[in-house]
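A.B. asks: here is the input, now give the coordinates:
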Amino acid sequence: MSDCFYNEGIGEVEEENSVIVQALYDNFHYNIKETIFKGLKIMLLWKTFLLSIKLPAKKVVFQLNRIPMDITVFYMFILLFIVSIPSLIDQLTRSTGIGSDMNVIFKLIYFFIFYYLPLTIMVFLFITFLGYLFTWVAKLMHRKLKLQILWKMIAYTTTIPFILYTVVALIYPIEDTYLLLSLVWTLVLLFTIIKVYPKRMMS
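C.D. replies: Numbering: from 1, shown residues only. Below you'll find the model as predicted:
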């Protein structure tokens, strides 16, 4: 009888150990997959950046067209954060004015709520509006382009003017209104990009 209980006890311990080993293996496997996925995502974002600065080359346009929409949106979040860096530095180092006497943590919260978030919303809304407007322009140019494609292309055309703004603003203080100059760049590139796509077959 004691041998029976002993064998059952060993069996339960072995089964429990097996479950623990399996759980550890699954966790390790999951962590490896997550690491690989994050690495691939970073590589894709870097590739997107490199392609964006080569617009409006025909080959580049079609390569960017294949980038998933979620990557494009995430790319814009990062790009808008980079654009916000000069304002963030100004907010953290300001000794006078609104929020100058705040703690660093509160300054960061203030910055994200009252600068980064409104900027992101405005830019996303503007890209959507411009994309919808250019669907009609594309029709007039006899190109059949959906809003999603134009949205992505508009987002990518902002890379160079946004990066240039950030670099200049870090060296020499300039007004945020100079970001509107990127609109001219975007419009010129958009017309060029639309012409890259083949014309629709006329019925």
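A.B. asks: what's the neighbour count on Met43?
C.D. replies: Residue neighbour count, defined by other C-beta atoms under 10 Å, stands at 10 for Met43. Glycine gets a C-beta too; all of them are placed from N, C-alpha and C.
A.B. asks: Glu175 now?
C.D. replies: Glu175 is flanked by 8 other residues according to other C-beta under 10 Å.
A.B. asks: surely Ser182 and Thr166 touch.
C.D. replies: No. Contact criterion C-beta atoms under 8 Å: Ser182 and Thr166 do not qualify, at 11.5 Å.
A.B. asks: tell me which of those two has more neighbours.
C.D. replies: Neighbour comparison, Ser182 and Thr166: the larger count goes to Ser182, with 19 against 15 (by other C-beta under 10 Å).
A.B. asks: what strand or helix carries that one?
C.D. replies: Secondary structure from DSSP states H and E places Ser182 in helix 181-196.
A.B. asks: how about that helix: buried residues?
C.D. replies: 182, 185-186, 189-190, 193-194, 196 (16 or more other C-beta atoms under 10 Å).
A.B. asks: show me what it is packed against.
C.D. replies: Contact analysis of helix 181-196 by 3 or more C-beta pairs under 8 Å, 6 or more residues apart in numbering; DSSP states H and E lists helix 58-65, helix 117-140, helix 147-157, helix 159-171 as its packing neighbours.
A.B. asks: then the shortest one to PDB, C-alphas only?
C.D. replies: It refers to helix 58-65. What follows is helix 58-65, C-alpha atoms only, in PDB (Å, rounded to 0.1, in the frame of the first residue of the first chain):
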ATOM      1  CA  LYS A  58       8.300  55.500 -58.900                       C
ATOM      2  CA  LYS A  59       9.800  52.400 -57.400                       C
ATOM      3  CA  VAL A  60       9.700  54.000 -53.900                       C
ATOM      4  CA  VAL A  61       6.000  54.900 -54.300                       C
ATOM      5  CA  PHE A  62       5.000  51.300 -54.900                       C
ATOM      6  CA  GLN A  63       7.200  50.000 -52.100                       C
ATOM      7  CA  LEU A  64       5.600  52.400 -49.600                       C
ATOM      8  CA  ASN A  65       2.200  51.500 -50.900                       C
END
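A.B. asks: and the angle for it with helix 181-196?
C.D. replies: Here the directions of helix 58-65 and helix 181-196 differ by 100 degrees (axes from the mean of the first three to the mean of the last three C-alpha atoms, to 10 degrees).
A.B. asks: could you look up the next helix or strand downstream of helix 58-65?
C.D. replies: Using DSSP H and E, the helix or strand that follows helix 58-65 in sequence is helix 69-93.
A.B. asks: can you state the direction angle for that next one and helix 147-157?
C.D. replies: Using the same axes, to 10 degrees: helix 69-93 against helix 147-157 is 40 degrees.
A.B. asks: avg pLDDT for helix 69-93?
C.D. replies: Average pLDDT, helix 69-93: 91.
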